[in-house]
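Novice: Fold the following.
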Amino acid sequence: MVTTIRIRSRDGLERVTITNPQTTTISDLKTQIQTQLNIPIPQQTLSQNQNLLLSKTPQQITQFTDMSNPKTLISTLGITHGSIIYLTYEGERNIAGPKIVTPAGSFGKKMTMDDLIAKQMRVTRQETAHCESVSFDRDTANVFQSYVNENLAFAVKRGGFMYGTVGEDGRVEVDFIYEMPQQGSEEGLLLFRDENEEKCVEAIAGSLGMRKVGFIFTQTISQGNKDYTLSNVEVLQAAELHGESGLKEWVTAIVKMEVNEDGGNDVHFEAFQLSDMCVRLFKEGWFETDVGEGFDPKLSRMKKEVVIGSKDVKEVDNDFFLVVVKILDHQGPLSTTFPVENRTVPVTMRALKTHLDKSKNLPFVKKISDFHLLLLLSRFLDPNADIPALAECVQTGTSVPEGYQLLIDSMANAS
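Specialist: Residues are numbered from 1 along each chain as shown. Below is the predicted model:
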């Protein structure tokens, strides 16, 4: 039985075929990579850990030893048809270029300005992200994935903007997720941006010393069988939001369900940056945005040819635009016990009363140290004065003025 193994390297996602995975060793797999992808065996380092692609020195690469024994059967590592293996290699790679045929009468052919521009648009792979790493507040990440897993069963897509901080070293920390009004389906995610609500979100974030740092969305179970990281539709949406942000450290994160070695399901987070070239191509209108069912979802179509290596192409593997970002976690400053906005059940003042009753033994500033609670209050209090004042108390951990305490308590009790 012919089995296809997906190989992800700095060159994108490629495929290697083997005849019998049950008897194939790591040595056999490396031989096929040498034969089919033209990468010499001594230069290859393989791993099932995507962090291999983040390694910047030979010493870091040697830490990935899960596939270092050439005699190990790949079947014992759970590698089957469609599995992804990560590959790094030394040196440059020789790839056979296309056969060039000069049509009769083409000598001296005039080229338009668009033709000249297209010939100059050389798309190269970005090796290093501007973002050193992204760290998720554990509770925030759990609240997001739990809703998608337990309520939506990963049957439809869900998304949100990530807010937090960006360090001088390029380390991004995510402390809360704002879920805008939206409609998810099996293959798509429509965002119904509410300008007034987003202004309140920005005011709260700014007063907490935070800013918008990225976009997070889920992939559905049906997408788990597809051989791509992001679909062409997802690349378009991510590129639009990345370009809108103007933040070089902007992170795109995906959450998906994967089958583990025991046959059970695990929720898996991945983080990327879209390359500078990808964002530029989107801003300049190079992407074909009308992508129907007939298009291969793992390829982004260009309106004009671009140059990749020695080839002029109009279709680019989506993985070519992605730069892997390392994921960490931390315990952030906010609580995450208040109901999240824009989900199936509307959040009302009744939720505020319930929340205050449950946390009655806490200092008042701790009771309101939740972004989603502050967002609810912004509907009824002045978002330009009252909400920033409350958020500043949360950020500094100082006591909430008694007047605000009485006002919030009365609002809750009136529900």
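Novice: what stretches of the stretch 101-250 of the chain score poorly on pLDDT?
Specialist: Across the stretch 101-250 of the chain, the ranges flagged by pLDDT under 70 are 101-120.
Novice: can you pull out the strands in it?
Specialist: Under the criterion DSSP state E, counting those that start in this stretch, the stretch 101-250 of the chain contains strands at 133-137, 159-166, 171-178, 182-184, 189-191, 211-218.
Novice: of all these, which lies closest to Val365?
Specialist: strand 171-178 (16.4 Å; CB to CB). No exception for glycine: its C-beta is placed from N, CA and C like everyone else's.
Novice: Note down every partner strand of the closest one and its orientation.
Specialist: The pairing partners recorded for strand 171-178 under DSSP bridges are strand 133-137 (parallel), strand 159-166 (antiparallel).
Novice: distance between the shortest one and the chain's centre?
Specialist: When you say that, I think you mean strand 133-137. In terms of CA atoms, centre = their mean, to the nearest Å, the centre of strand 133-137 is found 12 Å from the chain centre.
Novice: Verify the contact between Arg158 and Ser146 for me.
Specialist: No: with contact defined as CB atoms under 8 Å, Arg158 does not reach Ser146; the gap is 11.5 Å.
Novice: Show me which of these two is the more surrounded one.
Specialist: Arg158 (22 against 11; other CB atoms under 10 Å).
Novice: The nearest residue to Gly285 once chain neighbours are set aside: neighbour count?
Specialist: Nearest in space to Gly285, with sequence neighbours left out and distances taken as CB to CB, 6 or more residues apart in numbering, is Lys303 at 7.2 Å. Using other CB under 10 Å, Lys303 has 14 other residues around it.
Novice: Give the rounded mean pLDDT of the helix or strand in which Lys303 is found.
Specialist: Assigned by DSSP states H and E, Lys303 belongs to strand 299-308. For strand 299-308, the mean per-residue pLDDT is 91.
Novice: Quick check: buried residues in it?
Specialist: Neighbour counts over strand 299-308 (16 or more other CB atoms under 10 Å) mark Leu299, Ser300, Arg301, Met302, Val306, Ile308 as buried.
Novice: quick one: the fifth one from Gly294, how far?
Specialist: Here the criterion is CB to CB, to the nearest Å. By it, Val306 lies 21 Å from Gly294.
Novice: before we move on, what about Lys353?
Specialist: Taken as CB to CB, the span from Lys353 to Gly294 is 53 Å.
Novice: and those two? which has more neighbours close in?
Specialist: Lys353 (16 against 5).
Novice: Give the helix, strand or coil label for the more buried one.
Specialist: helix (DSSP: H, G, I helix; E, B strand; the rest coil).
Novice: Start the count at 44 instead of 1 going forward.
Specialist: That works, and once the first residue is 44, the last one we named lands at Lys396.
Novice: Now do the helices in the protein.
Specialist: 69-80, 101-104, 156-163, 181-189, 238-250, 275-288, 319-326, 392-401, 407-410, 414-420, 429-439, 445-456 (DSSP state H).
Novice: Among these, show me which one is buried the most.
Specialist: Stretch with highest mean neighbour count among those: helix 414-420 (a mean of 24; mean count of other CB atoms under 10 Å).
Novice: Output it in CSV with nothing but the alpha carbons.
Specialist: C-alpha atoms of helix 414-420 as CSV (Å, rounded to 0.1, in the frame of the first residue of the first chain):
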residue,chain,number,x,y,z
PHE,A,414,-12.2,41.9,30.7
HIS,A,415,-15.5,40.4,29.8
LEU,A,416,-17.2,42.0,32.9
LEU,A,417,-15.6,45.4,32.1
LEU,A,418,-17.0,45.1,28.5
LEU,A,419,-20.5,44.5,29.8
LEU,A,420,-20.2,47.5,32.1
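Novice: How far does that helix sit from its chain's centre?
Specialist: Using CA atoms, centre = their mean, the offset of helix 414-420 from its chain centre is 25 Å.
Novice: cool, stretch 258-273 as well?
Specialist: Put simply, stretch 258-273 sits 10 Å off its chain's centre (CA atoms, centre = their mean).
Novice: swap in stretch 367-385?
Specialist: Centre-to-centre, stretch 367-385 and its host chain are 15 Å apart (CA atoms, centre = their mean).
Novice: Could I get the average pLDDT for that stretch?
Specialist: 96.
Novice: Pull out the buried residues from it.
Specialist: 367-370, 372, 375, 377-379, 381-385.
Novice: now stretch 110-120
Specialist: Met110, Ile117.
Novice: same question, stretch 260-267
Specialist: Residues Phe260, Thr261, Gln262, Thr263, Gln266 are the ones in stretch 260-267 that count as buried (16+ other CB under 10 Å).
Novice: Isn't the third one up against Val310?
Specialist: I take that to be Gln262. No: here Gln262 does not reach Val310: they are 11.1 Å apart, not a contact under CB under 8 Å.
Novice: Now list whatever residues contact both of these two.
Specialist: Residues touching both Gln262 and Val310 (CB atoms under 8 Å, 6 or more residues apart in numbering): Val298, Lys299.
Novice: List the residues that contact Thr183.
Specialist: Counted by CB under 8 Å, 6+ apart, Thr183 has contacts Val217, Asp218, Phe219, Ile220, Gly375, Leu377, Thr379.
Novice: which of those lies closest to Leu195?
Specialist: Using CB to CB, these come closest to Leu195 at Ile220, 14.9 Å.
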